[in-house]
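Peer 1: please find the sequence and the predicted model below.
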Amino acid sequence: MGSRASTLLRDEELEEIKKETGFSHSQITRLYSRFTSLDKGENGTLSREDFQRIPELAINPLGDRIINAFFPEGEDQVNFRGFMRTLAHFRPIEDNEKSKDVNGPEPLNSRSNKLHFAFRLYDLDKDDKISRDELLQVLRMMVGVNISDEQLGSIADRTIQEADQDGDSAISFTEFVKVLEKVDVEQKMSQSTFSA
């Protein structure tokens, strides 16, 4: 199956994906094989339903939000390149990447891009801020019925109060970054299975 995957990916496409995502040839080939096994329609794209068959996403409370992150606005299919671009956010940052060319494009797995990705999981209406209601929805997804609505409301209120620096009762991306400045986002948003 690995040889089938490598023959279906053109060398130039493999090189472009490697450059864009930072994944190695072998990782790309392995992920292409996984992509094709998920592609039940055998049309070179994945649907939301294809993603919902992934056990790790099916049990993740934020699984639907993560799945949605794979799909550009208004799209209901994702091709292999889009799949790889999204997965690249979860690739660990290697030591040699920490001193990349400052004039080149920022790697998809950079701290900044990981924070943007995480922010979009909370910003449900895509208005570039996290409201109390959005925070409550995500908290509910994460804890289910284990905490009362009153307790969740209290957590959301306290979170907004601590993060909101401009007094608009919401969390902007800048405020989100500030709150997470001491959190090791690079490690928490990395999948060791993507290490070289």
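Peer 2: Received the coordinates, thanks. Numbers count the residues shown, from 1 in each chain.

Peer 1: give me the average confidence score over stretch 110-119.
Peer 2: In this model, stretch 110-119 carries a mean pLDDT of 94.

Peer 1: go on, stretch 152-169?
Peer 2: Across stretch 152-169, the per-residue pLDDT values average to 96.

Peer 1: got the contact list for it?
Peer 2: Residues from elsewhere that reach stretch 152-169, judged by CB atoms under 8 Å, 6 or more residues apart in numbering: 129, 131-132, 135-136, 139-140, 143, 147, 170-172, 175-176, 178-179. All C-beta spots, glycine's among them, are computed from the backbone N, C-alpha and C.

Peer 1: mark which of the residues you listed are buried, thanks.
Peer 2: 129, 131-132, 135-136, 139, 170-172, 175-176 (16 or more other CB atoms under 10 Å).

Peer 1: from these, which single one is nearest residue 61?
Peer 2: Proximity of those to residue 61 was ranked by CB to CB; the top entry is residue 139 with 9.8 Å.

Peer 1: for that closest one, give me its contacts.
Peer 2: Neighbours of residue 139 in contact, by CB under 8 Å, 6+ apart: 147, 152, 155-156.

Peer 1: that one sits in which helix or strand?
Peer 2: Element membership for residue 139, per DSSP states H and E: helix 132-143.

Peer 1: part of a strand, is residue 183?
Peer 2: No. Secondary structure of residue 183 (DSSP: H, G, I helix; E, B strand; the rest coil): coil, not part of a strand.

Peer 1: contacts only, for residue 115.
Peer 2: 173, 176-177, 180, 185.

Peer 1: JSON lines please, covering these and showing secondary structure.
Peer 2: Below are the contacts of residue 115 laid out as JSON lines (three-state DSSP):
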{"residue": "173", "secondary structure": "helix"}
{"residue": "176", "secondary structure": "helix"}
{"residue": "177", "secondary structure": "helix"}
{"residue": "180", "secondary structure": "coil"}
{"residue": "185", "secondary structure": "helix"}
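
Peer 1: what's the weakest-modelled helix or strand in the chain?
Peer 2: helix 2-8 (a mean of 47; mean pLDDT, DSSP states H and E).

Peer 1: tell me the first helix or strand C-terminal of that helix.
Peer 2: Counting by DSSP H and E, the next helix or strand C-terminal to helix 2-8 is helix 11-21.

Peer 1: related to what we said a few turns ago, which of the contacts of residue 139 fall within helices?
Peer 2: Using DSSP state H, the members of the contacts of residue 139 that fall in helices are 152, 155-156.

Peer 1: OK, contacts around the most centrally placed residue in the chain?
Peer 2: Most central in the chain under CA atoms, centre = their mean is residue 117, positioned 5.1 Å from the mean C-alpha point. Taking CB under 8 Å, 6+ apart, we find residue 117 in contact with 69, 89, 189.
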